[in-house]
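# return a 3D structure for these sequence lines:
(one chain, ligands or ions: 2)
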Amino acid sequence: MPIAQAAASVALQGFELRVLHIPLVSPFTTSFGTETVREVIVVRALTSDGDGWGEIVTQEAPLYSSEYTRGAWDVAQRFLIPALLDQGVVAPEHVVDILEPFIGHRMTKAGLELAVLDAALRTEGRPLGEYLGAIRDRVPSGVSVGIQRDPAALVEVVAGYLDAGYVRIKIKIKPGRDVAETAAVRDAFGTIPLQVDANSAYTLADIDTLAELDRFDLLLIEQPLQEDDLLDHATLAGRLRTPVCLDESITSAKAAADALALGAASVINIKAGRIGGYLEAVRIHDLCRDAGVAVWCGGMLETGLGRAANAALAALPGFTLPGDVSASNRFYARDIVTQPAELVDGHIAVPTGAGLGVEIDPVALEDFTVERAEIRR
Ligand code: OSB
Ligand code: MG
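Ligands and ions are numbered 1, 2, ... in the order given. Below is the predicted model of the structure:
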């Protein structure tokens, strides 16, 4: 279902941007690197009716995608925010059109759109979930587990998450850290819902290794090959029993449609940041639903702001697999919202308040801020 009822327009007065450095509870290692501190940009849209909040999910370095924090910081202030402020009054649904002349930078655009959308929905008293078309009041919570020292350490970490109640485990893999890791988790925990994420670390030359994973009955393998390797993903999908899911390759609804047409994926990870916003996310949800393709909600170590929005998105009917929508404390000892997402019975509640439905903790926000900028009309 497309968005049933448009949101109100807002009179933009300016934007505040902050770069935050938030310590992680433990290092997070993927095939592309290790993070110990989440560097993220928080966006505050200043409107005549009040503020709206958003989050730009870039990381410090362009290792997951071509976007990175300082690039987002620059393009937002130099091009994107001036284009929005030039319009004065903006409807959230038009943010994407206003920013369309500027190529790429989808994470930055998504963060700006979310802040405008939050401001608009707060003035209307309408929750984001209701606006997007949510049909659930809580979503099943999966957890993304980084690469550990060795398979035994991985089993120990996974045991902790299963004890906490997570309903699906995703382990990060890379060449040389794949079959033994997956075997160890499968052997230790039996038939738990399990999937792997390679973050583009393989090539078609690794097809035999990837085919070895077929014996573990995985829900899916996520992004084995590079972002622009759609045809190679189709070739690989034809050789594996494990369903191929795309993350990095799905940069837009168009890319999603192309991937499905080519047979490059049979499952799609929807991340609002990567594709330019929550409205584009609904478009991908809708096209996958029409095609009978399962989707799930990915994550980018969001703060309580993006985490609230992800829970709302994951509550749409086509999200039939558990997402990487984990509790705040999976990554953070202290969040920047007053009511961080909690895991209850393996689920995360969809916020019911207006807009994102979470409130900023101004002290935490200030404590984690390393740089601040304000751009006024
Ligand atoms: O590939 O899904 C990914 C985190 C950062 C960048 C890419 C990815 C991830 C995760 C963590 O897997 C998801 C989360 O829980 O936020
Ligand atoms: Mg991924």
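
# give the buried residues for stretch 181-196.
181, 182, 184, 185, 186, 188, 193, 194, 195, 196 (16 or more other C-beta atoms under 10 Å). Placement of C-beta: from N, CA and C, glycine included.

# cross these against strands and list the overlap.
194, 195, 196 (DSSP state E).

# quick check: the last one vs residue 4, distance?
Residue 196 sits 37 Å away from residue 4, going by C-beta to C-beta, to the nearest Å.

# returning to that earlier point: contacting ligand 1 as well, which ones from the ones in strands among the buried residues of stretch 181-196?
For ligand 1, no contacts are drawn from those by C-beta under 6 Å from any ligand atom.

# wait, residue 231 sits on residue 262?
Yes - the pair residue 231 / residue 262 is scored as a contact, 6.6 Å apart, by C-beta atoms under 8 Å.

# give me the common contacts of those two.
In terms of C-beta atoms under 8 Å, 6 or more residues apart in numbering, residue 231 and residue 262 are not both contacted by any residue.

# which residues of this protein fall in strands?
Using DSSP E, strands in the chain cover 10-30, 33-47, 50-56, 89-90, 138-140, 142-145, 168-172, 194-197, 221-222, 244-246, 267-270, 294-297, 347-349, 369-376.

# now render those strands as JSON lines, adding distance to residue 160.
What follows is the strands of the chain, written out as JSON lines (distance: least, C-beta to C-beta, whole Å):
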{"stretch": "strand 10-30", "distance to residue 160": "10"}
{"stretch": "strand 33-47", "distance to residue 160": "19"}
{"stretch": "strand 50-56", "distance to residue 160": "27"}
{"stretch": "strand 89-90", "distance to residue 160": "45"}
{"stretch": "strand 138-140", "distance to residue 160": "18"}
{"stretch": "strand 142-145", "distance to residue 160": "10"}
{"stretch": "strand 168-172", "distance to residue 160": "11"}
{"stretch": "strand 194-197", "distance to residue 160": "16"}
{"stretch": "strand 221-222", "distance to residue 160": "22"}
{"stretch": "strand 244-246", "distance to residue 160": "25"}
{"stretch": "strand 267-270", "distance to residue 160": "24"}
{"stretch": "strand 294-297", "distance to residue 160": "22"}
{"stretch": "strand 347-349", "distance to residue 160": "18"}
{"stretch": "strand 369-376", "distance to residue 160": "31"}
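
# quick one, which of those is nearest to residue 204?
strand 244-246 (12.4 Å; C-beta to C-beta).

# what is that closest one packed up against?
Judged by 3 or more C-beta pairs under 8 Å, 6 or more residues apart in numbering; DSSP states H and E, strand 244-246 is in contact with strand 221-222, helix 230-239, strand 267-270.

# so of those, which one's packed in deepest?
Of all the helices and strands packed on strand 244-246, strand 221-222 has the most neighbours on average by mean count of other C-beta atoms under 10 Å, namely a mean of 28.

# residue 192 against residue 169, yeah?
Yes - between residue 192 and residue 169 there is a contact under C-beta under 8 Å: 6.0 Å.

# which neighbours do those two share?
162, 185.

# could I get the contacting residues of residue 288?
Residue 288 neighbours (C-beta under 8 Å, 6+ apart): 256, 260, 268, 294, 295, 318.

# repeat for residue 46
Counted by C-beta under 8 Å, 6+ apart, residue 46 has contacts 12, 13, 14, 15, 16, 376.

# check residue 197 too.
30, 144, 170, 171, 172, 173, 221, 222, 223, 247.

# beta-bridge partners for it, please?
Note on residue 197: beta-bridge partners by DSSP bridges are residue 172, residue 222.

# on that earlier part again, output the helices and strands packed on strand 244-246 as TSV; include the columns distance to ligand 1 and mean pLDDT.
What follows is those, written out as TSV (distance: least, C-beta to the nearest ligand atom, whole Å; pLDDT from 0 to 100):
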stretch	distance to ligand 1	mean pLDDT
strand 221-222	7	98
helix 230-239	15	98
strand 267-270	7	98
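
# could I get the ones you listed in TSV, plus columns for distance to residue 129?
Putting the helices and strands packed on strand 244-246 into TSV (distance: least, C-beta to C-beta, whole Å) gives the following:
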stretch	distance to residue 129
strand 221-222	25
helix 230-239	32
strand 267-270	15
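
# what does the pLDDT read for residue 2?
pLDDT recorded at residue 2 is 70.

# hmm, back to that, of all the helices and strands packed on strand 244-246, which lies closest to residue 116?
strand 267-270 (20.2 Å).

# can you tell me which helices and strands that closest one packs against?
Partner elements for strand 267-270 (3+ C-beta pairs under 8 Å, 6+ apart): strand 244-246, helix 253-262, helix 278-291, strand 294-297.

# go through these and name the closest to residue 139.
Of all the helices and strands packed on strand 267-270, strand 294-297 comes closest under C-beta to C-beta, at 7.6 Å.

# how distant is the closest one from the center of its chain?
11 Å (C-alpha atoms, centre = their mean, to the nearest Å).

# residue 74 - how many residues pack around it?
12 (other C-beta atoms under 10 Å).

# fine by me, thanks again.
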